[in-house]
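Chemist: Based on what follows, work out the 3D shape:
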Amino acid sequence: MARQKLWSHFKALHVQQPVRIRWVEGLKLNLVLGNDQSRCLFVCGSFEPNEFAFLQKALTRDAVFIDIGANEGFYTVFAAHLVGPRGRVIAVEPSPREYARLESNVAINRLSNVSLVRCGLGARRRKALLHIADPEHNGQNTLGEFGHAGVTAVDHVEIDLIDLDSLTQEQVLRKVDVIKMDVEGAELEVIKGGLKTLERYQPTLLFELFEGALRQQGTSAEAVLAQLAELGYSFYAFSDSTGLPEPLEKLDSNSQNIVAVHRSRPLAAGA
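Modeler: Below is the predicted model:
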């Protein structure tokens, strides 16, 4: 209750000064109270626990992880700890507001195995307009219109988009093990820009499908899955009862996190 009151107080006063917390495995995070992500972690005590438990199984000590739509860096920081000094994390974030917080969270944990890339991903190189969501909904910046009711734009920023294939080439990646993707409706465009990467490395994918955001960009969850199925991927969703990934039977009508595993790879042991 006290943490909820503090979170609400920061939100009401629009306080942007971060609060530093100790997290799992000795990691630290700077949280800006008053937004959705800090509400999960600071008030409720966890952030996407099923997904993070899955990554603990899927990432080895020398793995390469790409965080597309890294936001404030929760996944980036956690993955960097898991892959260790022999592994690599490439964190991609186009929003100036979130990029600064991502940079801060990487810095306070002294992570030398993380490369930060300030851009968005798409089907090809181009300029695009990113709609920056209001401070409470900081995870919903999008190239389309907002998929959730009640989210408003506070800024519109021109950003650079590059394709995933160019990113992996420029970062000189010898392999890609896991890709996390949270791009608010641009998933199909990212996949189209990464066909060579997906065919060559066959990484495991962890990504959000939100029909409302996808439709704002002229596509659908079914189209995303169909494109990946053509590349040899099978799909899993996290069980409500066990928290473990189970074969996907039907899509949720709202937002849903999906694991896609290439036919050449087993699902992570114990996941």
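Chemist: going forward, measure contacts between C-alpha atoms and count neighbours the same way
Modeler: Will do.
Chemist: What ranges in this structure fall below the confidence cut-off?
Modeler: 269-271 (pLDDT under 70).
Chemist: what ranges do the strands span in it?
Modeler: Under the criterion DSSP state E, the chain contains strands at 19-22, 28-31, 64-68, 88-92, 114-117, 120-122, 126-133, 153-163, 178-181, 204-210, 233-238, 245-247, 255-262.
Chemist: Pro94 and Ala260, how far apart?
Modeler: Applying CA to CA, to the nearest Å, one obtains 24 Å for the distance of Pro94 from Ala260.
Chemist: and what of Thr219?
Modeler: 19 Å.
Chemist: So which residues of the stretch 51-200 of the chain form helices?
Modeler: If DSSP state H, counting those that start in this stretch is used as the criterion, the helices of the stretch 51-200 of the chain fall at 74-83, 96-108, 164-170, 187-192, 195-201.
Chemist: Same list (these) but as CSV, adding mean neighbour count and distance to Val154.
Modeler: Output for the helices of the stretch 51-200 of the chain, formatted as CSV (neighbours: other CA atoms under 10 Å; distance: least, CA to CA, whole Å):
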stretch, mean neighbour count, distance to Val154
helix 74-83, 23, 23
helix 96-108, 18, 11
helix 164-170, 17, 28
helix 187-192, 22, 23
helix 195-201, 16, 34
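Chemist: any chance of those in CSV, plus distance to Ala226?
Modeler: Listed next are the helices of the stretch 51-200 of the chain as CSV, based on distance: least, CA to CA, whole Å:
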stretch, distance to Ala226
helix 74-83, 26
helix 96-108, 31
helix 164-170, 19
helix 187-192, 10
helix 195-201, 13
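Chemist: Closest to the centroid, which residue in this structure?
Modeler: Most central in the chain under CA atoms, centre = their mean is Asp182, positioned 4.0 Å from the mean C-alpha point.
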